[in-house]
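Q: Following is a predicted model, sequence given first.
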Amino acid sequence: MSRDGFRKQMQGIQYPVEDTVMERVDVYIRMLEKWQKAINLVGPKTLADPWRRHILDSAQLIPEIINKKINKPVIADLGSGAGLPGLIIAIMTGLPVHLVESDQRKCTFLRETARETATTVTVHTGRIEEIAPINADIVTARALAPMLKLLPWVNRHLIKSGFSLLLKGADVDEELTICAKQWTMNIERKRSLSDDSGTVLILDQLTPITED
């Protein structure tokens, strides 16, 4: 996918991207390519198509955030890695985002790239299950862990009335079936714009099932 192709996709989901924002995304891609040579941020083959594999994959969540019309939402991105999707959301919306990552080198990348793109983020260096609860209105995660492992992390950092946006792969139905024994939740799903086998899960009313 080309830069222009990405822009057309965003217009198609009613989120046109201004030139100044596109320039900041360009800076992100250059930083990603530069740092990838030193640390493994993303799958090397994905850098042949960054606009689809990384930028569109992350940016497709933005309309879901904007449409909720939450005033100054607190957003937490779990297992941020290369800042996908959290840093891209912050770059493109101007909303401050909490990025949670345990790898020190990746955290350095996140801070440097946020500085280079003039983006407001808070980077939390630590394990998701160990850092203090963020009390987010919105929790995001991309290809982080199976749902059974992921949901307790989401629940830890999400306020009761909040919702999560999870980018999942082809095994999502099996994962949800397993989770149904331990969690109740309201589930909305959308087909990923960046991957025919991918799914965007929109979850709210997440509640653990307690045994009597």
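A: The structure has been received and is ready for your questions.
Q: rest of the way, CA atoms for contacts and neighbours
A: Fine.
Q: where exactly do the strands run in the protein?
A: Remark: strands assigned in the chain by DSSP state E are 75-78, 97-101, 121-125, 136-142, 158-168, 183-191, 199-208.
Q: mind giving me CSV with those and columns for mean pLDDT, mean neighbour count and distance to Ile13?
A: Below are these laid out as CSV (pLDDT from 0 to 100; neighbours: other Cα atoms under 10 Å; distance: least, Cα to Cα, whole Å):
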stretch, mean pLDDT, mean neighbour count, distance to Ile13
strand 75-78, 98, 29, 21
strand 97-101, 98, 25, 22
strand 121-125, 98, 19, 25
strand 136-142, 98, 24, 19
strand 158-168, 97, 21, 16
strand 183-191, 96, 13, 13
strand 199-208, 96, 19, 14
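Q: Serialize those strands to JSON lines and add fields for distance to Val17.
A: Below are the strands of the chain laid out as JSON lines (distance: least, Cα to Cα, whole Å):
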{"stretch": "strand 75-78", "distance to Val17": "20"}
{"stretch": "strand 97-101", "distance to Val17": "19"}
{"stretch": "strand 121-125", "distance to Val17": "20"}
{"stretch": "strand 136-142", "distance to Val17": "21"}
{"stretch": "strand 158-168", "distance to Val17": "21"}
{"stretch": "strand 183-191", "distance to Val17": "21"}
{"stretch": "strand 199-208", "distance to Val17": "21"}
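Q: Quick check, central residue of the chain?
A: Centroid-nearest residue in the chain, with Cα atoms, centre = their mean: Pro85, separated by 3.0 Å.
Q: hang on, that residue packs against Leu144?
A: No: the pair Pro85 / Leu144 is not scored as a contact, 11.2 Å apart, by Cα atoms under 8 Å.
Q: In the chain, what residue spans correspond to helices?
A: In the chain, the segments counted as helices under DSSP state H are 3-12, 19-36, 50, 57-59, 62-67, 86-93, 104-116, 147-157, 172-179.
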